[in-house]
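Visitor: quick one, fold the following:
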Amino acid sequence: MRVKFILFLCIVIVASSVCYASEEQVYKTAPAFVRVTTNAIGYNLLAKKVAKVALKKALNKSAKGDYKIKIDSYSGVDLKKGKFRGLVIDGENISVDDEFFVSKLHIETTSKYNYVDYNKDPIVFKNDLPMKYEIKISEEDLNKSIKANNTVSVISALIPLISIDTPKVTLLNDKLKISSALKFPFRKSMKFSMTSDLAVKNGKVVFTNVKASRNNEFTEKLIELMNDKNMLENVSVNMFDGAQTNMKVTNIKIEDKNINIDGDLVIKKAE
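Guide: Model (predicted):
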């Protein structure tokens with residue numbers, strides 16, 4: 001019985017070594033035998049726990065939230081160096097720099113080889129990290145974001161003699177509605193609202209089919225600026241401190257009081 005078990009173990013190691021050989025040559029990972037034996041003694045599990053703790057710590061520096069992380073590693077030896085096959089991050093109740101709020105986030109790598117030095121602070125990306133993502137932004141998230149960032153004050157500053165009350169956002173069926181009030185000197189404030197569809201243009205979110213409750217030179221200018229300074233147009237997932245992220249939106253849909261966005265992003269290699 002013991003001889004059969006040893007023979008079986010040898011076959012597993014040899015077979016695994018053959019499978020790992022191409023990865024070892026292409027990605028310069030640990031030798032196949034080292035990878036198989038360290039995985040067998042549980043070192044891979046330990047390395048995953050350490051990596052997850054480090055990644056969660058890094059995430060919470062600029063994007064506080066509740067995260068679950070899955071790592072597909074070559075081996076514990078490689079993962080300790082920051083090399084891994086794949087990464088999946090699921091997050092909830094996220095606050096990006098206390099200015100942009102997201103209910104749910106799902107991102108996962110699309111490359112078979114990823115290299116991130118998570119032992120450094122901030123962590124260093126050794127190669128470009130291509131990923132796909134899904135974001136869910138609730139009506140409550142949008143209103144919190146508007147109150148927290150300076151979008152409204154920037155728009156107000158560009159319209160002489162007019163100030164804008166903090167807008168309220170409502171998601172109605174497949175449309176976004178923004179309600180506010182315009183304040184003029186020596187005049188009563190004027191209530192204002194606009195509804196809009198959301199679409200994707202050149203990888204960015206834009207307002208389309210905009211309809212305003214009032215049409216005059218002030219509201220036309222306001223709509224123009226709201227499109228130009230569209231908070232959703234510049235939505236980003238800069239989740240890692242000091243890392244440059246290029247993001248492209250593929251789809252956007254308003255559904256059940258939420259805005260669902262998906263697309264691709266690349267965390268750029270550190271220079």
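Visitor: name the nearest residue to residue 67, sequence neighbours excluded.
Guide: Leaving aside its sequence neighbours, residue 67 sits nearest to residue 91 (C-beta to C-beta, 6 or more residues apart in numbering; 4.7 Å). Heads up, the C-betas are built off the backbone N, CA and C, glycines and all.
Visitor: what strand or helix carries the one you found?
Guide: In this assignment (DSSP states H and E), residue 91 forms part of strand 86-96.
Visitor: what of residue 207?
Guide: Counting by DSSP H and E, the element that carries residue 207 is strand 204-212.
Visitor: hmm, back to that, ok, residues contacting the strand holding residue 91?
Guide: 55, 59, 62-72, 101-109, 112, 114, 236-239 (C-beta atoms under 8 Å, 6 or more residues apart in numbering).
Visitor: kindly recompute the last result at 7 Å.
Guide: Strand 86-96 is contacted by residues 62-72, 101-109, 114, 238 when judged by C-beta atoms under 7 Å, 6 or more residues apart in numbering.
Visitor: for the helix or strand following that strand, buried residues please.
Guide: Next along the chain after strand 86-96, taking DSSP H and E as the criterion, comes strand 100-109. Neighbour-count burial for strand 100-109, counted by 16 or more other C-beta atoms under 10 Å, picks out 100, 101, 102, 103, 104, 105, 107, 109.
Visitor: residues contacting the fifth one?
Guide: Counting by C-beta under 7 Å, 6+ apart, residue 104 makes contact with 92, 136.
Visitor: what's opposite it in the beta bridge?
Guide: residue 92, residue 136 (DSSP bridges).
Visitor: just the last one next, same as before
Guide: For residue 109, the beta-bridge assignment (DSSP bridges) gives partners residue 131.
Visitor: hmm, which helix or strand of the chain has the shakiest average pLDDT?
Guide: Between all helices and strands in the chain, the lowest mean by mean pLDDT, DSSP states H and E belongs to helix 2-27, at a mean of 43.
Visitor: packing partners for whichever helix or strand comes after it?
Guide: Counting by DSSP H and E, the next helix or strand C-terminal to helix 2-27 is helix 32-40. Secondary-structure packing of helix 32-40 (3 or more C-beta pairs under 7 Å, 6 or more residues apart in numbering; DSSP states H and E): helix 2-27, helix 76-81.
Visitor: only C-alpha atoms, please: export helix 32-40 in PDB.
Guide: In PDB, the C-alpha atoms belonging to helix 32-40 read as follows (Å, rounded to 0.1, in the frame of the first residue of the first chain):
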ATOM      1  CA  ALA A  32       8.400  23.300 -11.200                       C
ATOM      2  CA  PHE A  33       9.600  20.900  -8.500                       C
ATOM      3  CA  VAL A  34       9.900  23.700  -5.900                       C
ATOM      4  CA  ARG A  35       6.400  24.800  -6.700                       C
ATOM      5  CA  VAL A  36       4.900  21.400  -6.400                       C
ATOM      6  CA  THR A  37       6.600  20.500  -3.100                       C
ATOM      7  CA  THR A  38       5.900  23.900  -1.400                       C
ATOM      8  CA  ASN A  39       2.300  23.700  -2.500                       C
ATOM      9  CA  ALA A  40       2.100  20.200  -1.000                       C
END
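Visitor: low pLDDT regions in the stretch 101-250 of the chain?
Guide: Where the stretch 101-250 of the chain drops to pLDDT under 70, the residues are 151, 154-160, 216-219, 221-223, 226-227, 229-239.
Visitor: quick one: the strands in the stretch 151-271 of the chain, in order.
Guide: Secondary structure of the stretch 151-271 of the chain (DSSP state E, counting those that start in this stretch): strands at 163-164, 168-172, 175-183, 190-201, 204-212, 245-255, 258-267.
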